[in-house]
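> dropping the sequence and predicted coords here.
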Amino acid sequence: MRQLGLNRIQIDPARSDTAPLAPVSAGALTEHAPSAVIAADSAAVIRKRERIARIAKQRENVVQCEAQFLKAATALEDINANLYSRPAAAHQSADRLIQKMLDSILIDKDIAIHLMNDKVAGEEMYFYSLNITVLAMMLARELGLPATDIKQLGIGCLFHDIGKLDIPDRVRTKTEPHTRAERNLMQQHCQYGVAMAAKLGLSRSAVDIIAEHHECVDGSGYPRQLKAGQIALLSRIVAIVNTYDNLCNQPNLLDSLSPYEALSLMFAQQRNQFDAGALTTFIRCMGVYPPGTLVRLSDDTLGMVVAVNSSKPLRPAILIYDAAVPKAEAIILDLMVEPDLHVTASLKPMQLPREVHEYLSPRKRTTYYFDSPAENLHKRQ
C-alpha cells in the first residue's frame, strides 16, 4: 500500500471470502504478547550465560591442568638432576611426586585427560617420561589395579628410560634413522637402566618395568624376546602407552602420527604385540578421537580435541575454529553438554585451510596431563 502511495482503503466485509478475525482486547495486547516475548528473551539470555560460564570453566580447568603439569615437570627435572649425585634423594622425591599424582587420580571416578600446549610441554626427556607416567597410571586405574601397584607403576614409568642417559647424545637425539649398530646400542638402554635402578633402590616391580617395557606378548620385542606370561602386567601396561607415545612423537616430527592414527595403527596392525585387555581399555579411555586429533563436527565446524573424560570418551572437549573469535579467546565446546553435536571425521593437518591450521595450532608434540572434577571443586572452595 505504501509503495502505491495509498493512505487508506475501503473494504466490504460482506464480499470477503474469509471471516474477519475476532477483535483483540487491549489487555491481551499489553499483557500476553509482551510476557511471551520477555519469557523467550529471558530463556535465551540464560542459555547464553550458562554457555559462557561453561566455556570459562573449561578454560580455567586447562590453565589449572597446565600449572599442575609444569609443577610436576619441574619436580621431575630436579629428580633427574640428582640421579647420579644423590640417588637416594632422587628416589624419595619420585616417591612424593607419584603419591601426589596417585591421590589426584584416585579422588574421583571421572578423570579428564588434557592436551598440553607446546609452550608448556618441552622436548626434554623428563617431559616424555611424565607423559608416559600419566597415561600408564590412568590405564592402571581403569583396569582396577590396587593403589600400591599403581604407585610402583608410576615410579617405574618415571625412570623407565634412565638407561638412555648412558647413550651418547649424537645417537640418542638423532632424527635420521639409526644404523644397525646405533639401533643395537639404543636397545641396550634397558640393561643400563636396570643397573641404575639398583643404585636408586627401586622396587622389583619398578625394575621389571625398566627391563621389560619394550617386550611384546608375541615375543617380537627386546631385549629378551619374552612372551605374554613372562612379562609382568605393569610392564605390559607401559609397553602400550610407550608405543603410543613413540608413534605420536617421533624424533623427526614429520614422521609422527596423529593420536587418532596412532591408536588405529596399534589396533589394526600391532594388537598381537600387546595385552589384549589392556589395549582395549586404553583405546576406550582415550576415545576414538584422543586429545590432539583434528576433527570435523556434525555442523561442519572444524576443531581440535583438547580433552577427554575417561568415563565418557566419545564426548570430548573441542577447541573450535571461529574466525569471529580471537585465537586467544577460542571457544572450547564440551560435547558432554552439547548433545546435538558429534564428531563426524578425523582430519590431517594438511586438510585444514591455512587460516584454520594457524588458529588451531596443532601440537608438534602430543603431551598429556590429567585433572579431576572433584579435585578442581576442592581447589575452588
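Happy to help now that I have it. Since we're looking at a predicted model, the values are computed, not measured. Numbering: from 1, shown residues only.
> count of residues packed around residue 140?
28 (other CB atoms under 10 Å). The way it works is simple: take the backbone N, C-alpha and C, and place the C-beta from them, glycine included.
> surely it meets residue 149?
Yes. Counting by CB atoms under 8 Å, residue 140 does reach residue 149; the two are 6.7 Å apart.
> now for these two: what residues contact both?
Common neighbours of residue 140 and residue 149 are listed as residue 234 (criterion: CB atoms under 8 Å, 6 or more residues apart in numbering).
> just the strands in the stretch 201-350 of the chain please.
Applying DSSP state E, counting those that start in this stretch to the stretch 201-350 of the chain gives strands spanning 294-297, 302-309, 312-320, 332-334, 343-347.
> ok, then the element right after the helix or strand residue 42 falls within?
Secondary structure from DSSP states H and E places residue 42 in helix 26-81. Counting by DSSP H and E, the next helix or strand C-terminal to helix 26-81 is helix 87-106.
> helices and strands around that following helix, which ones?
Contact analysis of helix 87-106 by 3 or more CB pairs under 8 Å, 6 or more residues apart in numbering; DSSP states H and E lists helix 26-81, helix 125-142, helix 147-158, helix 189-200, strand 368-371 as its packing neighbours.
> which one of those lies nearest to residue 109?
helix 125-142 (9.3 Å; CB to CB).
> which other helices and strands contact that closest one?
helix 26-81, helix 87-106, strand 112-115, helix 147-158, helix 233-248, helix 276-286, strand 368-371.
> for the fifth one, packing partners?
In terms of contacts (3+ CB pairs under 8 Å, 6+ apart), helix 233-248 is packed against helix 125-142, helix 147-158, helix 204-212, helix 259-269, helix 276-286.
> who's in contact with the second one?
To tie it back to what came earlier, the one meant is helix 147-158. The contact list for helix 147-158, computed with CB under 8 Å, 6+ apart, reads 76, 79, 94-95, 97-99, 101-102, 105-106, 129-130, 132-133, 136-137, 140-141, 145, 202-203, 205-210, 234, 237-238.
> give me the buried positions along it.
150-158 (16 or more other CB atoms under 10 Å).
> residue 360: which of those residues is nearest?
Out of the buried residues of helix 147-158, the member with the shortest distance to residue 360 (by CB to CB) is residue 157, at 29.7 Å.
> comparing the helices and strands packed on helix 87-106 by mean pLDDT, which bottoms out?
Mean pLDDT across these is lowest at helix 26-81; the value there is a mean of 74.
> okay if I get the helices and strands packed on helix 233-248 as CSV plus distance to residue 116?
Below are the helices and strands packed on helix 233-248 laid out as CSV (distance: least, CB to CB, whole Å):
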stretch, distance to residue 116
helix 125-142, 8
helix 147-158, 17
helix 204-212, 23
helix 259-269, 13
helix 276-286, 15
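> what about stretch 332-348, how long is it end to end?
End-to-end distance for stretch 332-348: 20 Å, by CA to CA, to the nearest Å.
> got the buried residues for that stretch?
332-335, 338, 341, 343, 346-347.
> how about stretch 301-311?
Result for stretch 301-311 [16+ other CB under 10 Å]: buried residues 302-310.
> what's the pLDDT at residue 166?
Note on residue 166: pLDDT of 94.
> distance check, the residue nearest to it when sequence neighbours are not counted against residue 85.
Nearest residue to residue 166, sequence neighbours excluded (CB to CB, 6 or more residues apart in numbering): residue 192, at 4.4 Å. Residue 192 sits at a distance of 18 Å from residue 85 (criterion: CB to CB, to the nearest Å).
> the two: which is more packed in?
Neighbour comparison, residue 192 and residue 85: the larger count goes to residue 192, with 18 against 8 (by other CB under 10 Å).
> mind listing what the more buried one touches?
Per CB under 8 Å, 6+ apart, neighbours of residue 192: 162-167.
> same list (the residues you listed) but as a markdown table, adding distance to residue 45, neighbour count and secondary structure.
Below are those laid out as a markdown table (distance: CB to CB, whole Å; neighbours: other CB atoms under 10 Å; DSSP: H, G, I helix; E, B strand; the rest coil):
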| residue | distance to residue 45 | neighbour count | secondary structure |
| --- | --- | --- | --- |
| 162 | 57 | 24 | helix |
| 163 | 60 | 22 | helix |
| 164 | 57 | 19 | helix |
| 165 | 59 | 16 | helix |
| 166 | 63 | 15 | helix |
| 167 | 61 | 17 | coil |
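> quick one: which of those residues is nearest to residue 295?
For residue 295, the nearest member of the contacts of residue 192 is residue 164. The distance, counting by CB to CB, is 34.2 Å.
> how about that closest one: what's its closest non-neighbour residue?
residue 189 (4.6 Å).
> number of nearby residues for the nearest residue to residue 252 once chain neighbours are set aside?
In this structure, residue 252 finds its nearest non-sequential neighbour in residue 175, 4.4 Å apart by CB to CB, 6+ apart. Residues lying near residue 175 (other CB under 10 Å) number 10.
> ramachandran angles for residue 175?
Torsion angles at residue 175 (phi, psi; degrees, to the nearest 10) stand at phi -90, psi -20.
> model confidence score at it, please.
88.
> quick one: it and residue 192, what's the gap?
22 Å.
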